[in-house]
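> sequence first, then the predicted structure, then my questions.
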Amino acid sequence: MKTRCAWVNMNNPLYVSYHDEEWGVPCHDETRLFEMLNLEGAQAGLSWETVLNKRANYRAAFDHWDARKIARYDERKVAELLANPGIIRNRLKVAAAITNAHSYLRLKEEVGGLDPYLWGFVGGKPIRNKWKAHGECPAKTPLSDQISKDLVKRGFKFVGSTIIYAYMQGIGMVDDHVVGCHCHGRKH
């Protein structure tokens, strides 16, 4: 049996798959980067497992994270989203996804997208930590503080430092698999 980070709910195949195949794996796909930014924001105050269990519903509800379509959402679409039990029905979080679509499209024009923007902060290479236990892992870092502040200046919402650090882990900018986890130190 494979050893995994202690936070993984082994009874949830989605969670196991997320841990093994996505978390800590460098991502350069613009759509997924935009999706994960919004899903990490949707998680605020909730568990990642809650959001992960709703991810397929989010993809369907938010036009597969097409930022151009999301930027055109109107009040009718917002009302439809707020009535959708398959997503987290929080007005501020839904509004944030729309605001983030506008901010993302501006970022794309300015620097080419989230991929060059985010990976520029780490010189294109993931930070690989060597925590012995999950409790050693920080909730935020000076780098997540810096990225968070810059994203806020660029108009993004639900991008506090703790959310951004979790995002950095989720998209593989940071590899925080603990020593002993079968994913620790893997090559990508």
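On my side now, so go ahead.
> contacting residues around stretch 34-48?
Defining contact as C-beta atoms under 8 Å, 6 or more residues apart in numbering, one finds that stretch 34-48 is touched by 27, 50-51, 55, 58-59, 62, 65, 67, 87-88, 90, 93, 96-97, 100-101, 104, 114, 156-160, 163-164, 166-167, 170-171. Heads up, the C-betas are built off the backbone N, CA and C, glycines and all.
> swap the cut-off to 6 Å and go again
Residues outside stretch 34-48 that contact it (C-beta atoms under 6 Å, 6 or more residues apart in numbering) are 51, 65, 67, 88, 93, 96-97, 100, 104, 158, 163, 166-167, 170-171.
> what's near enough to touch the closest residue to residue 154 other than its chain neighbours?
Nearest non-adjacent residue to residue 154, counting by C-beta to C-beta, 6 or more residues apart in numbering: residue 103, 5.4 Å away. Residues in contact with residue 103, defined by C-beta under 6 Å, 6+ apart, are 154-156.
> put the alpha carbons of the host helix or strand of residue 118 into CSV.
Per DSSP states H and E, residue 118 falls inside helix 114-120. Output in CSV follows, covering the C-alpha atoms of helix 114-120 (Å, rounded to 0.1, in the frame of the first residue of the first chain):
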residue,chain,number,x,y,z
LEU,A,114,-1.4,33.0,-15.4
ASP,A,115,1.3,30.6,-16.5
PRO,A,116,4.0,33.1,-17.3
TYR,A,117,2.9,35.4,-14.4
LEU,A,118,2.9,32.8,-11.7
TRP,A,119,5.9,30.7,-12.7
GLY,A,120,7.9,33.9,-13.1
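> per-residue confidence for the residue most central in space within the chain?
In the chain, the C-alpha nearest the mean C-alpha coordinate belongs to residue 36, at 3.0 Å (C-alpha atoms, centre = their mean). At residue 36, the predicted lDDT confidence score is 98.
> and it, that one's in a helix?
Yes. The assignment for residue 36, made by DSSP: H, G, I helix; E, B strand; the rest coil, places it in a helix.
> follow-up on the earlier one: got the buried residues for the helix holding residue 118?
114-115, 117-119 (16 or more other C-beta atoms under 10 Å).
> could you point out which element follows it?
Sequence order places strand 127-128 as the next helix or strand after helix 114-120, per DSSP H and E.
> can I get the helix or strand that that following strand is followed by in PDB? Just the C-alpha atoms.
Downstream of strand 127-128, the next assigned helix or strand under DSSP H and E is helix 142-153. What follows is helix 142-153, C-alpha atoms only, in PDB (Å, rounded to 0.1, in the frame of the first residue of the first chain):
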ATOM      1  CA  PRO A 142       6.400  35.600   2.200                       C
ATOM      2  CA  LEU A 143       6.100  34.500  -1.500                       C
ATOM      3  CA  SER A 144       2.300  33.800  -1.100                       C
ATOM      4  CA  ASP A 145       2.000  37.200   0.600                       C
ATOM      5  CA  GLN A 146       3.700  38.900  -2.400                       C
ATOM      6  CA  ILE A 147       1.600  37.100  -5.000                       C
ATOM      7  CA  SER A 148      -1.600  37.700  -3.000                       C
ATOM      8  CA  LYS A 149      -0.900  41.500  -2.800                       C
ATOM      9  CA  ASP A 150      -0.100  41.700  -6.500                       C
ATOM     10  CA  LEU A 151      -3.200  39.800  -7.500                       C
ATOM     11  CA  VAL A 152      -5.300  42.100  -5.300                       C
ATOM     12  CA  LYS A 153      -3.800  45.100  -7.000                       C
END
